[in-house]
Every structure is written in C-alpha cells, then in structure tokens.
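Participant: sequence and predicted structure, then a few things I'm wondering about:
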Amino acid sequence: MHAVEETPRLSTFLSQIANGLVLGSLIALIALGYTMVYGIITLINFAHGEIFMVGAYGGLATLTYILPTAIATTWYFALPIALVAGAIVAMLIAVAMERFAYRPLRNAPRLAPLITALGVSVALQEAMRVFYPGATAALPFPNLFIEGAVVIPIGDGVVIRYVGILLIVMSLVLAFGLERFVERTRLGRAMRATSQDRDVARLMGIDPDRVIVLTFAIGGALAGVAGVLYGSYLNNINIDMGFQNGIFAFTAAVLGGIGNIRGAVVGGLVIGLVKALGGQYLPGGTAYDYVWIFVVLIIVLVFRPQGFFGESERVRA
Amino acid sequence: MSRTRKVAATAALLAGALALTACSTNREEATGGGGGSCDTSKGTLVVGFIAPLSGSLSALGLGMKNSTDLAVNQANQNCTVPGYRLALQAEDDQATAQIAGQAATKLASDPNVVGVIGTLNSSTAQSAAPILANKKIVEISPANTNPALTQGDNYQSAPSRPNATYFRTATTDAIQGPFAAQYMVQKAGKKNIAVIDDGKTYGAGLASQFATEAEKLGATVVAREKVGEKDTDFSGVIAKIRPTNPDAVYYGGEYPVAGPLSKQLADAGLNIPLMGGDGIVDKTYVSLGGREGDLATNVGAPPEQLPSAKAFIDAYAAAGYSEPFSAYGALTYDAANVLIQGVAKAVGNGTFSDATRDGLISAVQATNLQGATGAISFDQYGDTTNKVLTVYSVQGGEFKPLETGTYPAS
C-alpha cells in the first residue's frame, strides 16, 4: 500500500459522507412507512420492505411494457411517470395488504398481525419471483435521471452522482411534506388522534379504518418512490432488495424513535453514515459495515430505549 | 410489554423470517424421453442434477441443466446403457449450501440415482459432496473450481483427496487465479491492482490465488476488500479503493455482484477494467452493468472455437432449449457423458444395484473420453487433466475470447 496524501484523505472522507447520505436518504424514505404504521396501529409491518420492492418492479414494468421507448428514454417524462407508477403500484399493494391481511386481525393479539406480516412478506417475494417475467434473477433498471456526476474538486475529487442528489432532495422534501401534512391538516389531525386513542377518535367522528388505510397508502407510496429511485441509482433490482433494505429501514425507525417522522429520517441518515464511515475507518472494513449499524442500534437502545425522538412508552390499559 | 422485550421478540421473529425465506421452494423435475426403440426392460436409472435453477445465478444453472438433459436424451436414443432408460432429476439449490445439502440428501435416498451432475458453486459442493460420498454416489461437477474440493484444505502443502466419489471437468482456481494474474500483469501491463471478493468459498479462494501470483509477478495489490454477496451498493468500497489509484480491479465472485460493481466503478470516475473468473462469464454480467473492456477467465477453451464442441452446439440448438448453454454448457455435457459412459461400463449386461457403485467409481476414475471440450481424464484427485483456460473480454456487449492457455505458461 502506498502512503495516502492529506487531501485525498479528506476527499475520501467527504466521498463516504456523500455515500452515507444517499443510502441514508433511501432508508429514511422506507422507514417513514414503518414508523407511520407503527405509530397508528402499533404493528411492525415486516412486509413494508416488500412494498418497496414491488414499487420498483411497478416502475420498471411501466417503463418496459407501457411507455413508448421515446418517452421511456427521455428523463423529464420517464422520471415523473415511473415515480408516480411505482408509488401507485406500491400504494395499491399496501392498501390491499391492510384490507385483506391486517384488518381482519385488528382486534387479535398483537403477535397475530406480526406473524401475518412475515407471511405477507414471503408471499409478495415469491409472487414476484413467479409472475414477473425474468424476476428469478436481477433485472437491469434504466437510469431515469441525468447521467453523470458532480465532482467537487477537493483532493482527487468527491464524486456525487446526479441520481444520488435527486435521492437526497426527494427524500428530504417528501419527509418534510409528510410532517407538515400530519401537523397541519385535518386528515393529519385525524391520524394523530387515531394514533393516540382509536376509541376516543371514533367518538369524535373520525373513521379509524379510513385513517388507517390512508396511513398504509402514504407509507406505500413513499416506499414505491424509494423503490424507483433505488433502481435508478443502482441500475438493477431483484426480489431480495426489500428484505435487506427493509431491515435497515426498520432499524432506522427504531433508532429514531418508532412512531416519529423526524426520527425515521434522522435514523436513516445515521445508518447510512455509520455504514459508509464504518466501512472506511473501523476495523474489519466493508466486510463488517453491517455490524456497526447494529452495534449503534444496541448502544442507543441501552441508553435511550425509546430512540432519539421517541416518547417513553405510554402505559396502556 | 416493555420496549426491550418487544425488541427481543422482534429479533426472534427476524430470525424466523430468515429461516422462512431460506427454505422456500424446491422444484423438482423429471425429464427424459426418446428411447422408444431401445430395450428398457430393466427399468429406469436416475441421473441427479444439482445447481441453482432459480435466483440470480440461474442463467448458469439452467444452461447446465439443459446440457445434462441433452446428454441424457442422446444416451436414451443411442441405447447407451443396455436395458435401462435414463431419467434426469434436477434439483434447485438456489446457490445456497444448506439447500444443496438437502438436495443431495434427497437424491441419495433414491437407490436408482446413479450419479449427480453439479454443483455450480464451490460452496454448495462443500455441503453436497460428503453426503453423496457417504452413499458412494459419483458426483461430477462441471463448474466447481475451488482446489480444496479435490485436494483437501491443505492443497498447497499436503494435498489429499477428501471424497473418492467427487470428480470435476473444470480446472481449479489454483490454476485459474495465477493464469488471470499472468494475463493482467504481463499482457495487460497492470501494476496497481485492487482485489475485491465476496468472501465465499469460490470468490475468496480465487481472489487470494490471483493476488499472490500478481505480487509475485511484480504488481502491487493496492487494496484488498470484501463485499457481501447480496450487496447492491458498492459506493463505500469504491470510495475506499479510489485514493490508492488502482489501474485495474480483480473481483473474486459471481456476476450478480460483479456487473453492478463494474458500473459503479465507472460512475465514481474510476474508468479501469474489472477482471473476474468463470463466475462472471455470462451475458447477464453485461446487462447488470459490466463494461466494454472488462476481462474474465473461464475454464476450458471457448466451445465456439473447438471443432470437438461443434456436435454439442448443433445438438443443443436443434433441441430448442429456451436458455443458452452459457459458460458451463460444454463442460456439463461432458460431465454427464462421463457419468453415462461409466454407468454403461459398470452395469454391462448386468443390473444396477448398490454393489455396482464401486465399479462405477473406478470406471469414472479411469475415464478416457473424447468430449466436447477435448480429451477427458482424471488425475488421482479427481481433477481434470485438461488444464486449459481462456481469457475473455467484453466487446460489443458480450464476452469474446482473447487467448487460450494454461498456467504456468508453456
């Protein structure tokens, strides 16, 4: 190994920060769905990672089978259409999942919907494997944004791809929008009310079923957007992608305080940064970067079991 | 329920979820046909087959399955094994060692299984080979390249054969790795090479064989990194190797990682070639992001250029399989024929029973056959004596052969 100069060292550090932010933004988008569903019906929806995966395939199917090539290869048409298509497909699956898998178990013991979530997750993965043409192996996904990268001239250059910047911006904008929605609108108030006490919310004239469907729909749409952006960033998708990223997102939601929107975003970014910087600087290198994510999770849970932004558990009757 | 207990319960459930996804489907298929005019009065013998038929490596596995199917059908048409009809039973190992073990156990429980063709991955062979050896079932792999499978863990100092029933028509990484280094350093003139692998039996073994020889030839291994076989985002590894100014990357592993890795190298501004072993030689490599000028070595000579392989290629095309025979087709076809010829010799005019298995092992050991890939025979470890390899390069969107040779260069 030859000696690494000071400025390349700085540019490596900044590159890893950029990598961490991109990955973190992606995880944050998925984590929002975990955290919202938990916030409203205290269900850890393990099938949410699969919603993210299905969204990516929905976007890909729209690009390959529905759009004419001229449109599918022009980014300012293809990008919004694919994002919307991915969001709609993911939203429909999420709503169907709520209606047919979780609603019948609304008053069942909490373990029942949790196990159901695992079942839905396996079912969605296998359904994609069997029914999507070619999904037995990874499928190429087109780059939907401007090909190329910003190079910040520090040391030997910090490269951030345009798609990466898009991912960070989209994630922050959507998370901010979601927070405003929950804090400022009537529907958002209904969501908060349902999450606090479903029965009292019903007495106030709120239909909890509608609010729960809305929560699943929003979470699903965000995951679908994340799926399409993920495909566009990495240029290939496979049916396993929801599992790993879903676990990261779940960890992000727990880290930030499950049930809290801002917490999901911060948790996602922390995980992205820990993975990137841990792979660079901690012993074991990139082979052990996942380990550091969960080390951080354990440390945070020991000292702050409710996560960064979470409230202490309410005592339930 | 308190928060911590909830987390504990969650962790237990996660473990359950992992176990669930690991044991999804085990598809089974029995094909075989022809043989209309042959005497099949003694019944049916089964040629077992284990390789990934679903999942990311299925492009290679399906080509292997079709090539075995072709050899079995031809044997049935030619009445190669007198009195018996041969049937192919293909098991999907999903490139997972544990599932390959289950598949091997399943095949080993059938007294009519004469032998097994496969596996694709060295890691799956590690779990399947001992199970088959226990029942004296011959296994011939067209694709395993890890040296330890035939020569034991101490293959460099004290080689000893772990399983007398295990043979392979592919040469080993003890030759492939140095052969690749020889090309990369001496022909392509690369001096600062970053070596990355996926930590599996095949990838890690191949990468270290490569790195050792590359340093011996005067190149510097500027970085030695590992990635996960299910990883998709390699930006961390790439940012890490970038300041070391590599002029090439060698990757030990398979195309589902290698393709995206190559693409992301270029995305990060590292326009240097990626080189890999036989595990990346498939057209899927290019569709997943492999670039023009990327290099790979593969075992054997390119079938398209071998006169001996023409009959196989024509028959494969005529049979109308929906998948191409891919990287290991010709070697698989040869492996199946070695097994079938061995069965014919061991059974003779008698019947097949467990008592025939020792004779079958010696018949395969003594193989001397003109196959599609050339002359086939095995040394005392069960390795092929055909140690030829080929360097390929991606040109016009597919792997084109550059040169064929062996190590040490003669």
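Facilitator: That came through fine.
Participant: what helix or strand is the spatially most central residue of chain B on?
Facilitator: Central residue of chain B (Cα atoms, centre = their mean): B:Ala143, 2.6 Å from the mean position. B:Ala143 belongs to no helix or strand when assigned by DSSP states H and E.
Participant: pretty sure it is touching B:Leu57, no?
Facilitator: No: using Cβ atoms under 8 Å, B:Ala143 is not in contact with B:Leu57; the gap is 10.1 Å. From N, CA and C alone the C-beta is placed, and that goes for glycine too.
Participant: any shared contact partners between the two?
Facilitator: B:120-121 (Cβ atoms under 8 Å, 6 or more residues apart in numbering or on different chains).
Participant: quick check: closest non-adjacent residue to B:Gln365.
Facilitator: Distance criterion Cβ to Cβ, 6 or more residues apart in numbering or on different chains; nearest residue to B:Gln365, sequence neighbours excluded, is B:Phe378 at 6.0 Å.
Participant: partners of the one you found in the sheet?
Facilitator: Beta-bridge pairing of B:Phe378 under DSSP bridges involves B:Thr384.
Participant: average pLDDT for stretch A:74-84?
Facilitator: Per-residue pLDDT over stretch A:74-84 has a mean of 94.
Participant: go on, stretch A:219-239?
Facilitator: Averaged across stretch A:219-239, pLDDT comes to 95.
Participant: wait, does that stretch contact chain B?
Facilitator: Yes: contact of stretch A:219-239 with chain B (Cβ under 8 Å from any Cβ of the partner chain) involves A:233-236, A:238.
Participant: same check on stretch A:124-132?
Facilitator: Yes: Stretch A:124-132 lies within reach of chain B by Cβ under 8 Å from any Cβ, at A:125-126, A:129.
Participant: buried ones in that stretch?
Facilitator: Of all the residues in stretch A:124-132, those buried under the rule 16 or more other Cβ atoms under 10 Å in any protein chain shown are A:124-125, A:128-129, A:132.
Participant: same question, stretch A:208-223
Facilitator: Buried residues in stretch A:208-223, counted by 16+ other Cβ under 10 Å: A:208, A:211-223.
Participant: now B:Asp110, nearest residue through space, not along the chain?
Facilitator: In space, B:Asp110 is closest to B:Val46, 6.1 Å off (Cβ to Cβ, 6+ apart).
Participant: assign the one you found to helix, strand or coil.
Facilitator: Following DSSP: H, G, I helix; E, B strand; the rest coil, B:Val46 is assigned to strand.
Participant: against B:Glu91, how distant is it?
Facilitator: To B:Glu91, B:Val46 is 11 Å away according to Cβ to Cβ, to the nearest Å.
Participant: and if you look at A:Ile146?
Facilitator: 46 Å.
Participant: ok, now A:Gly285?
Facilitator: A:Gly285 is 36 Å from B:Glu91, by Cβ to Cβ.
Participant: do B:Thr384 as well
Facilitator: From B:Thr384 over to B:Glu91 the distance is 24 Å, taken as Cβ to Cβ.
Participant: higher neighbour count, the two?
Facilitator: Legend: neighbour count by other Cβ atoms under 10 Å in any protein chain shown for B:Thr384 and B:Glu91, higher for B:Thr384 (30 against 26).
Participant: if I pick that one, what's in contact with it?
Facilitator: B:Thr384 neighbours (Cβ under 8 Å, 6+ apart): B:168-171, B:376-378.
Participant: ok, those residues vs A:Ala47, which is closest?
Facilitator: Ranked by distance to A:Ala47 (Cβ to Cβ), those are led by B:Ala170 at 40.9 Å.
Participant: identify the bridge partners of the residue nearest to the closest one when sequence neighbours are not counted.
Facilitator: Of all residues not flanking B:Ala170 in the chain, B:Val299 sits nearest, at 4.3 Å (Cβ to Cβ, 6+ apart). Per DSSP bridges, the residues bridged to B:Val299 are B:Leu389.
Participant: model confidence for residue 118, exactly?
Facilitator: In the absence of a named chain, chain A is used. pLDDT at A:Leu118 comes out at 95.
Participant: meant chain B actually
Facilitator: Reading off the model, B:Gly118 has pLDDT 91.
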